[in-house]
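S.K.: I would like to see how this sequence folds:
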Amino acid sequence: MTERKDDRLWGGRFEREPNAQFDAFQRSFTFDRRLLVYEIAVDSVWAIALEKIGILTGAELSQMMDALVKISKRAQADTAWLEKFGADAEDVHHFVEKALVEELGPLGWKLHTGRSRNELVATDLRLFVMDSVLEIKRGLYALLSALLEQAKGNIGAPMAGMTHLQHAQPILLSHFLLAHTEAFKRDITRLQHASESADECPMGSGALAGNSFAIDRQFIAHYLCFSRITANSLDAVSDRDFALDYLFALTGIVTHLSRLAEDFVIFASQEFSYVILPDEYSTGSSLMPQKKNPDCWELIRGKTGRITGALLGLLTTLKGLPTSYQRDLQEDKEALFAAHDQVADMIAVATGAVAATKFNAQRLKSAASNPALLATEAADYLVHKGIPFRQAHDIVGKVLREAEKQNISWTALPLDALKKISPAFAADFAQSLNVEAALSTKKVPGGTAPENVRAAIADLEARLNKKASKTGAKP
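M.R.: Sure thing, here's the model as predicted:
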């Protein structure tokens, strides 16, 4: 029989040590040690709260706070100690208690009075999510700035707008770039929702039923910078909706990054040649000397599946759990941490690649000047002559078919040939058949007319400058 060790947080009920393989299997310190900074903060306020109700004396509180500061500093400065001392810690909570007992003796055990690891981990993880949201938002603002600078620098460049990956109508390149900024702005809104979802303090919930020591929950929440406390102790220890919200926001971000990546991969192909890939964000072939590959965009596109998988994984974990804390919830962290790290890297790489990319203005203009893209303008011309749009659509279709028969561009058909198809065609028709005219007519709010795009650029720049003035960061 293997006798039980005394340093476990739950061992009094047991006579024998757990199976060694199971013991290693159930430990989480290797990954939840990332929450140590939050654990120390929660431990500090809990010590103060215990002193306020007489569980700790003033002298004991002072010793406790000094010891927590010492542990925090040592963990940051001495990785070897962190690894060695944490080797037999079950989790980050056990690690801190072990370190406190080493520093203070039995006084270290007092800190766990009235609380459970269930509420601790929920609190730590909420603090992590709120901090992580701020980091990802900073990255997105940098990406928005990179897209803004490209939109400003290419304001006069037209391109062939596409639907179904087929050339459709002329648009401005800047309009295309600003379309991506709209998606990332929505991502920032979703991130903010995730932060607000996490902004509830569970401390005082106990294992599930609440706290028996009249602890001041509002004080604890305020100290930890939460805006409110959780309303139900049973829900508080098992709620991971805030983690789902964060993963959903991250999934939205990478979905938009992947679409941006797909555009740049296509644009970099020889068939399009819309962009010149920057050397700093490209790789070559080990066999073919001529190759320059858009690997940064392909990797961003490829890594998107990891983040989506993390969201689906947590949803799957949660969907079958009964109410209250279950050990399955230990599986909420590894994928969440990895998703956060991956998204932060993906945004940073995308930002650098966007900023360093050169656009082939001549190629873009050439594609935008394809007469086929002006067919809608021809239909609109006929509408202005009083012809119903459906009929105008049919007339232009006949014009295109006639041009195909003659093997010429439809814009090269003489006026008399056009009049045979519809007498509404007049000498002024040719004036509408150019890219500039097509762009200038799209003056409706949100359209691609140059003045609209300039206004959208100015609006985004003002928003980023306003954000920068609040944070002290560069826009």
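S.K.: In the chain, what helix or strand scores lowest on average pLDDT?
M.R.: helix 20-26 (a mean of 81; mean pLDDT, DSSP states H and E).
S.K.: Not counting the helix or strand that comes right after that helix itself, show me its contacts.
M.R.: Next along the chain after helix 20-26, taking DSSP states H and E as the criterion, comes helix 29-32. With CB atoms under 8 Å, 6 or more residues apart in numbering as the test, helix 29-32 has contacts from Gly86, Ala89, Glu90, Asp91, Val92, His94, Phe95, Val121, Asp124, Lys333, Glu334, Phe337. In short, each C-beta sits where N, CA and C put it, glycine included.
S.K.: quick one: low-confidence ranges for this protein?
M.R.: By pLDDT under 70, the low-scoring segments of the chain are 1-12, 471-475.
S.K.: hmm, try it at 90
M.R.: 1-31, 86-88, 90, 284-291, 328, 410-412, 430-433, 466-475 (pLDDT under 90).
S.K.: Now do the domain split for it, please.
M.R.: Domain assignment for the chain by automatic domain parsing gives 20-113, 118-367, 371-441.
S.K.: if we compare those domains, which one ends up closest to Glu451?
M.R.: Among the domains of the chain, domain 371-441 comes nearest to Glu451, with 8.6 Å by CB to CB.
S.K.: and the closest one, how far apart are its ends?
M.R.: Length of domain 371-441, first residue to last, CA to CA, to the nearest Å: 17 Å.
S.K.: Strands along the stretch 1-150 of the chain, start to end?
M.R.: Remark: no strands are assigned in the stretch 1-150 of the chain by DSSP state E, counting those that start in this stretch.
S.K.: quick one, helices of it?
M.R.: Secondary structure of the stretch 1-150 of the chain (DSSP state H, counting those that start in this stretch): helices at 20-26, 29-32, 36-52, 58-77, 79-85, 92-104, 117-153.
S.K.: same question, the stretch 151-300 of the chain
M.R.: 173-198, 217-223, 233-238, 241-268, 295-319.
S.K.: thought Thr308 was touching Leu250?
M.R.: No - Thr308 is not in contact with Leu250 according to CB atoms under 8 Å; the separation is 9.3 Å.
S.K.: What strand or helix carries the closest residue to Phe429 other than its chain neighbours?
M.R.: In space, and not counting its chain neighbours, Phe429 is closest to Tyr381: 6.0 Å by CB to CB, 6 or more residues apart in numbering. Assessed by DSSP H and E, Tyr381 sits inside helix 375-384.
S.K.: Centre of the chain to that helix, how far?
M.R.: 42 Å (CA atoms, centre = their mean, to the nearest Å).
S.K.: residues in contact with that helix?
M.R.: If you take CB under 8 Å, 6+ apart as the criterion, helix 375-384 is touched by 169, 389, 391-393, 395-396, 399-400, 410, 422, 424-425, 429, 432-433, 437-438, 441.
S.K.: Which members of those are positioned in helices?
M.R.: Phe389, Gln391, Ala392, His393, Ile395, Val396, Val399, Leu400, Ala437, Ala438 (DSSP state H).
S.K.: which of the residues you listed are buried?
M.R.: Neighbour counting by 16 or more other CB atoms under 10 Å classes Ala392, His393, Ile395, Val396, Val399, Leu400, Ala438 among those as buried.
S.K.: before we move on, the earlier item: more crowded one of Thr308 and Leu250?
M.R.: Neighbour count, other CB atoms under 10 Å: between Thr308 and Leu250, Leu250 has more, with 28 against 16.
S.K.: roughly how far apart are the more buried one and Val129?
M.R.: As judged by CB to CB, to the nearest Å, Leu250 and Val129 stand 11 Å apart.
S.K.: Kindly report the same for Thr255.
M.R.: When Thr255 is compared with Val129 (using CB to CB), they lie 20 Å apart.
S.K.: still on that earlier bit, max pairwise distance over the ones in helices among the contacts of helix 375-384: which two?
M.R.: Most distant of the ones in helices among the contacts of helix 375-384, by CB to CB, are Gln391 and Ala437, 22.4 Å apart.
S.K.: For the helices of the stretch 1-150 of the chain, give me CSV that also has distance to Leu329 and mean neighbour count.
M.R.: Converted to CSV, the helices of the stretch 1-150 of the chain look like this (distance: least, CB to CB, whole Å; neighbours: other CB atoms under 10 Å):
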stretch, distance to Leu329, mean neighbour count
helix 20-26, 13, 10
helix 29-32, 12, 19
helix 36-52, 16, 21
helix 58-77, 24, 16
helix 79-85, 24, 12
helix 92-104, 14, 20
helix 117-153, 8, 22
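S.K.: I'd like the ones you listed laid out as CSV, including distance to Phe267.
M.R.: Shown next, in CSV, are the helices of the stretch 1-150 of the chain (distance: least, CB to CB, whole Å):
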stretch, distance to Phe267
helix 20-26, 48
helix 29-32, 39
helix 36-52, 42
helix 58-77, 45
helix 79-85, 44
helix 92-104, 46
helix 117-153, 12
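S.K.: residue boundaries of the strands in the stretch 351-475 of the chain?
M.R.: Using DSSP E, counting those that start in this stretch, strands in the stretch 351-475 of the chain cover 358-359.
S.K.: who touches Ser72 in this structure?
M.R.: Leu36, Val37, Ile40.
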